[in-house]
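Participant: Give the three-dimensional model of this entry:
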Amino acid sequence: MQTLFVGSTGPGSGLSLMTWFIAQRLLECGFKVAFMKAGSDPGLLGIPGKRDHDIELMRAVLGAESVELGFFEGADVSLIMGSKSMFSDFSVSHLSDTQLVREHQAKICLMDRYQSLPASIYSILSIHSLFKGSLQVVVVNRVPLEDLQAVRDRLVPMLLAQGIPGVAVLPEDPILASFSLARMSELLGAEVLDSVEDVEGIVGGCTLGSHSLVGPLRIFRQVYGKIVLLALPDEQSNPDAVCSPDGPRPVVGIVLTGGRRPGQPLLDAARKAGIPLLLTTLDTFSAFDRIQSGASPVTKEDGYKERRFAQLLESSLTGAASIPRLFGLRETDTTDKSL
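Facilitator: Have a look, this model is predicted:
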């Protein structure tokens with residue numbers, strides 16, 4: 001049995017997307033993959049109030065029979081997702097990151113949420129020192145564009161010189177940071193009002209201002225408690241938005257805060273513009289703060305994020321041409337040796 005461990009130096013590193021990416025590539029190469037998540041019990045799924053988005057995601061990707069706590073029989077590769085931080089586990093637990101890596105002699109893919117170059121160097125080299133010879137891939141994620149080239153020039157050669165086979169540095173990316181409108185509703189505990197039926201849009205940003213409220217949406221400039229949800233920078237998903245190339249970004253939805261239901265003129269304006277209205281009982285600033293700080297869990301519906309993540313990673317990753325080769329996985333009779 002070959003075991004891969006996807007670990008993280010802290011929250012917001014892209015742990016779920018990387019796990020999905022590796023699982024998908026292994027499946028495409030013909031490997032039978034089993035999955036477990038440190039500290040999670042798949043048996044809790046279905047219990048009211050108990051939900052693990054990562055377990056649900058991997059069940060959708062791999063099949064429910066491949067996602068069982070501690071169950072690896074019949075698989076070529078067992079894929080383990082670690083906790084939010086490998087530095088904060090409790091080694092007395094048999095499901096801690098440290099114990100899992102050592103017990104299964106796992107090869108590690110480490111995700112690092114960039115804060116500063118010294119912090120990334122310290123975190124990565126600490127893990128490399130703790131698990132000598134096990135760290136195979138390092139991905140430094142969410143690097144501001146102004147720091148990107150400097151981090152690549154300094155960090156990548158240093159880590160390669162340490163004997164780490166694969167290193168990637170990824171930029172902060174608006175697509176990966178986006179929300180679906182359905183996820184936005186879940187995050188805010190909001191009701192989707194009947195202004196339109198389509199709530200499949202993608203939220204690339206939000207604002208408390210009214211600059212983007214044009215055309216039929218100008219009426220919302222008079223509304224006090226609102227958050228305007230904007231499209232991704234390159235996404236012109238709202239054909240009714242009156243926007244010049246240098247003007248405001250298209251609006252994909254509006255959150256009405258404070259729980260006060262809108263009058264018919266507002267519903268009619270939203271319907272004419274083709275955007276949904278979300279109603280939350282949170283006040284405006286609490287809702288805005290939750291949007292800004294709330295991590296959006298990755299689900300199977302976020303295929304556009306997985307594809308974008310794969311594009312960024314594969315264009316940046318040094319080392320072998322495929323995930324199996326990068327981790328030194330042994331081929332089996334079931335694997336496609338052309339990959």
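
Participant: Report the mean confidence score over the longest strand along the chain.
Facilitator: The strand that spans the most residues within the chain, counting by DSSP state E, is strand 135-143. Averaged across strand 135-143, the pLDDT comes to 96.

Participant: Return the set of buried residues in that strand.
Facilitator: Neighbour-count burial for strand 135-143, with 16 or more other C-beta atoms under 10 Å as criterion, is recorded at 135-143. Quick note: C-beta positions are derived from backbone N, CA and C, even for glycine.

Participant: Pull the residues that contact that strand.
Facilitator: By C-beta atoms under 8 Å, 6 or more residues apart in numbering, the residues outside strand 135-143 that reach it are 12-14, 18, 107-114, 120, 124, 127-128, 151, 155, 159, 164-173, 313, 317, 319, 326-328.

Participant: returning to that earlier point: which of the buried residues of strand 135-143 lies closest to residue 186?
Facilitator: Lowest distance from residue 186 to these (C-beta to C-beta) belongs to residue 142, with 22.6 Å.

Participant: Give the closest residue to that closest one in space, chain neighbours not counted.
Facilitator: residue 172 (4.8 Å; C-beta to C-beta, 6 or more residues apart in numbering).

Participant: burial count for that neighbour?
Facilitator: 15 (other C-beta atoms under 10 Å).

Participant: residues contacting it?
Facilitator: Neighbours of residue 172 in contact, by C-beta under 8 Å, 6+ apart: 142-145.

Participant: What backbone torsions are found at it?
Facilitator: phi -60, psi 130 (degrees, to the nearest 10).

Participant: Distance-wise, check it relative to residue 114.
Facilitator: According to C-beta to C-beta, to the nearest Å, residue 172 and residue 114 sit 8 Å apart.

Participant: Residue 12 reaches residue 114, doesn't it?
Facilitator: No. Applying C-beta atoms under 8 Å, one finds residue 12 not in contact with residue 114, separated by 9.8 Å.

Participant: what does the longest helix anywhere in the chain rub up against?
Facilitator: Criterion DSSP state H: the longest helix present in the chain is helix 145-161. By C-beta under 8 Å, 6+ apart, the list of residues contacting helix 145-161 from outside reads 114, 117, 120-121, 124, 138, 140, 143, 167, 169, 171-172, 318.

Participant: all strands of the stretch 151-300 of the chain, in order?
Facilitator: 166-171, 179-180, 191-192, 202-203, 205-207, 226-230, 251-256, 277-279 (DSSP state E, counting those that start in this stretch).

Participant: With mean pLDDT and distance to residue 38 as extra columns, can I get the ones you listed in JSON lines?
Facilitator: Shown next, in JSON lines, are those (pLDDT from 0 to 100; distance: least, C-beta to C-beta, whole Å):
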{"stretch": "strand 166-171", "mean pLDDT": "96", "distance to residue 38": "22"}
{"stretch": "strand 179-180", "mean pLDDT": "84", "distance to residue 38": "26"}
{"stretch": "strand 191-192", "mean pLDDT": "92", "distance to residue 38": "35"}
{"stretch": "strand 202-203", "mean pLDDT": "88", "distance to residue 38": "30"}
{"stretch": "strand 205-207", "mean pLDDT": "89", "distance to residue 38": "33"}
{"stretch": "strand 226-230", "mean pLDDT": "95", "distance to residue 38": "34"}
{"stretch": "strand 251-256", "mean pLDDT": "94", "distance to residue 38": "35"}
{"stretch": "strand 277-279", "mean pLDDT": "95", "distance to residue 38": "34"}
